[in-house]
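Undergrad: Would you be able to build a 3D model of this:
(2 chains)
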Amino acid sequence: MTEEKVKPFKVEEPLRIARLDPTFKGEIMEEPNAELIKYCFQCGTCTGSCIATRFENNFNPRRIIKAALLGLKELVLSSDVLWICTLCYQCSERCPQGVKISEFMEVLRHLAVKYGYIHPSLRLQAEAILRSGRVYEDEDTANVMREDVSLPPALSVDMDEVSKILNRTGISNILLREEGDR
Amino acid sequence: MKYAFFPGCTAPFRTYGYEVSTRLVAKQLDIELMSMEGSNCCGFAVRPIDKLSSIVLAARNFCLAEKMALDICVICNGCYENFIVARNGLLTDPKLRREVNDILSEIDMEFTESVEIKHFARILFEEVGISKIKESVVSPLEGLRVAVHYGCHVLKPSYELGFSDWENPRWLDQLVEVTGAKSMPYVDKMACCGGPIMGSAMDLATNMIRDKLIKIKSVNVDAIVTICPFCALQFDLTQLGAEKKFNETYRIPLFHYPQLLGIAQGLDPFDLGFFENRVNVSTALEKVGIIF
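TA: Next up is the predicted model:
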């Protein structure tokens, strides 16, 4: 089996000021729950606490925060590593500055989505929910298995209602976005 | 005791043994689990893409439970965390609440704070209580050594879920030990199983579970016990993937907690859906005198 390679997440040094987007920090701060990030003093407790980092050193929360605050917008938003966080909250719990880092990773994901960088697996999941109101759709197979263990058939989702509310949130438009869109 | 039962997406579609054993154990303890007709995904799955959609999906489920005048019982840590984070958001952010209620008015629903969210394992610990569970145990699982895995989202974020003992909790170990089994300490017990990235980074998820399995194997246990269908899939299904990928053998059976309690209550392992578990459970069951 070949290992999927994660694209390296590297801040090129020396930093070229011209490559930094000074507006990115402001854009981040506009997102809900993002403002706490200004208290980050780069101690690295997050990375030290991170389980995923042990197995994939391209995923390094401290480095991602640094790159984001420097304004390396393209690097951060297009990067594979944004989708590696398991959202285990170990970093958020341990941050000495009270920064909610897992939540900040979600903020960066939302910004990535805004610019059309949607991880394919999450796109598939969201499409399933738009179609059927839940992640798994093969009710017939599941019901055969469920009968084996004497479980009643899986409940049906009221898609009429679910479609009505999801039409209002505009999630289908979000899914239409492509890389580089605004 | 009566709850609106929200099994989520993963349990009813991927871990049948978990759902069926939950229902059987609940019956033993006089917990009524009522179906939530028409309910939808908890919202966790769309949260990385659109937070508003995830909260709206959660809120619709709250409204369904409110119509039943019941609190919600979940059996998935992901549903648990997403529901509570969504509910906290609606309770503390009036603008968000107005926005969500405006959308829900489309289907004649409105979020109110009446419905609370409980995890089945927490209901057992807090509402039923260890002593009543002990009374229900008829064949203690003496000599069975198990590795307990809580799963992140039943403990964290502690500031949202309201627990103080997220780093070294004991309640699930107590729930295990009341069955007569012994909860064995192991290195990195509180580490994430990798479940949430099974979709986006399967290789990494496999490496993460392999590490946990090696550490669990080193303390020589008969089974792993979980209370989340996602963690369970990692320990059970991905265990087989990791064996193949690394050409190693772990063969540590996975028990959903209600299955463990169920056999201690004298329920039939066949009824508890043990045959649905991927890693063979017969050696572990033999240890407590059950031929399966």
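
Undergrad: The stretch 151-292 of chain B against chain A: which residues are in contact?
TA: B:152-153, B:156-158, B:166-167, B:188, B:191-192, B:194-197, B:199-204, B:207-208, B:211, B:244-245, B:271, B:273, B:276 (C-beta under 8 Å from any C-beta of the partner chain). C-beta here means a position set from N, CA and C on the backbone, and glycine is covered the same way.

Undergrad: Separate out the buried members of those residues.
TA: By neighbour count, with 16 or more other C-beta atoms under 10 Å in any protein chain shown, those hold B:152-153, B:156-158, B:166, B:191-192, B:194-197, B:199-201, B:203-204, B:207-208, B:211, B:273, B:276 as buried.

Undergrad: starting at the chain centroid, how far to stretch A:124-144?
TA: 21 Å (C-alpha atoms, centre = their mean, to the nearest Å).

Undergrad: Identify each buried residue in that stretch, please.
TA: Buried, per 16+ other C-beta under 10 Å, within stretch A:124-144: A:125-126, A:128-130, A:132-137, A:139, A:142-143.

Undergrad: first vs last residue of that stretch, how far apart are they?
TA: Criterion C-alpha to C-alpha, to the nearest Å; first-to-last residue distance in stretch A:124-144 is 24 Å.

Undergrad: pLDDT averaged over it, what's the number?
TA: Here stretch A:124-144 scores 95 as its mean pLDDT.

Undergrad: swap in stretch B:94-107?
TA: 98.

Undergrad: buried set for it?
TA: Those buried within stretch B:94-107 under the rule 16+ other C-beta under 10 Å are B:Leu96, B:Arg97, B:Glu99, B:Val100, B:Asn101, B:Ile103, B:Leu104, B:Ile107.

Undergrad: Could you do stretch A:93-108 as well?
TA: Per 16+ other C-beta under 10 Å, stretch A:93-108 contains these buried residues: A:Glu93, A:Cys95, A:Val99, A:Lys100, A:Ile101, A:Ser102, A:Glu103, A:Phe104, A:Met105, A:Glu106, A:Val107, A:Leu108.

Undergrad: In CSV, could you pull the C-alpha coordinates for that stretch?
TA: The C-alpha trace of stretch A:93-108 is given here as CSV (Å, rounded to 0.1, in the frame of the first residue of the first chain):
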residue,chain,number,x,y,z
GLU,A,93,-7.6,22.6,26.6
ARG,A,94,-3.9,23.2,27.2
CYS,A,95,-3.2,26.5,25.7
PRO,A,96,-1.8,28.8,28.4
GLN,A,97,-3.2,31.8,26.7
GLY,A,98,-6.7,30.4,26.5
VAL,A,99,-6.7,30.3,22.7
LYS,A,100,-9.3,27.9,21.3
ILE,A,101,-7.0,26.4,18.7
SER,A,102,-9.2,23.5,17.4
GLU,A,103,-11.9,26.1,16.9
PHE,A,104,-9.3,28.3,15.1
MET,A,105,-8.6,25.4,12.8
GLU,A,106,-12.3,25.3,12.0
VAL,A,107,-12.2,29.0,11.3
LEU,A,108,-9.4,28.4,8.8
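
Undergrad: Show me the strands in the chain, by range?
TA: In the absence of a named chain, chain A is used. Here chain A has no strands by DSSP state E.

Undergrad: my question was about chain B
TA: B:2-6, B:32-35, B:72-74, B:117-119, B:145-148, B:182-183, B:223-226, B:254-256.

Undergrad: Report how many residues lie close to the nearest residue to A:Gly44 once chain neighbours are set aside.
TA: The shortest distance from A:Gly44 to any non-neighbouring residue, by C-beta to C-beta, 6 or more residues apart in numbering or on different chains, is to A:Arg62 (4.6 Å). Close neighbours of A:Arg62, defined as other C-beta atoms under 10 Å in any protein chain shown, add up to 19.

Undergrad: for A:Ile17, same thing?
TA: 9.

Undergrad: re earlier: deepest of the strands of chain B, which one?
TA: Burial of these is given as mean neighbour count (mean count of other C-beta atoms under 10 Å in any protein chain shown); strand B:254-256 ranks first at a mean of 30.

Undergrad: residues contacting B:Thr226?
TA: By C-beta atoms under 8 Å, 6 or more residues apart in numbering or on different chains, the contact list for B:Thr226 reads B:His149, B:Gly151, B:Ala232, B:Phe235, B:Leu254, B:Phe255, B:His256, B:Tyr257.

Undergrad: show me the contacts for the closest residue to the last one other than its chain neighbours.
TA: When you say that, I think you mean B:Tyr257. Once flanking residues are discounted, B:Tyr257 sits nearest to B:Ile227: 4.9 Å by C-beta to C-beta, 6+ apart. By C-beta under 8 Å, 6+ apart, B:Ile227 lies in contact with B:Ile75, B:Asn77, B:His119, B:Phe120, B:Ala121, B:Tyr150, B:Gly151, B:Val154, B:Leu172, B:His256, B:Tyr257.

Undergrad: So which of those residues wins on neighbours?
TA: B:His256 (31 neighbours).

Undergrad: tell me the contacts of that one?
TA: B:Thr15, B:Gly17, B:Tyr18, B:Ser21, B:Thr22, B:Val225, B:Thr226, B:Ile227, B:Pro229, B:Ala232.

Undergrad: Of the residues you listed - the most surrounded one?
TA: B:Tyr18 (32 neighbours).

Undergrad: which residue is nearest the middle of chain A?
TA: Compute the mean C-alpha point of chain A, and by C-alpha atoms, centre = their mean the closest residue is A:Arg109, 3.7 Å away.

Undergrad: picking that back up, export the strands of chain B as JSON lines, with columns for distance to B:Leu52.
TA: Below are the strands of chain B laid out as JSON lines (distance: least, C-beta to C-beta, whole Å):
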{"stretch": "strand B:2-6", "distance to B:Leu52": "21"}
{"stretch": "strand B:32-35", "distance to B:Leu52": "28"}
{"stretch": "strand B:72-74", "distance to B:Leu52": "21"}
{"stretch": "strand B:117-119", "distance to B:Leu52": "19"}
{"stretch": "strand B:145-148", "distance to B:Leu52": "36"}
{"stretch": "strand B:182-183", "distance to B:Leu52": "41"}
{"stretch": "strand B:223-226", "distance to B:Leu52": "31"}
{"stretch": "strand B:254-256", "distance to B:Leu52": "33"}
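
Undergrad: Columns mean pLDDT and distance to A:Gly26 on top of those strands, output as CSV?
TA: Formatted as CSV, the strands of chain B follow (pLDDT from 0 to 100; distance: least, C-beta to C-beta, whole Å):
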stretch, mean pLDDT, distance to A:Gly26
strand B:2-6, 98, 40
strand B:32-35, 98, 48
strand B:72-74, 98, 38
strand B:117-119, 98, 36
strand B:145-148, 98, 45
strand B:182-183, 98, 49
strand B:223-226, 98, 43
strand B:254-256, 98, 47
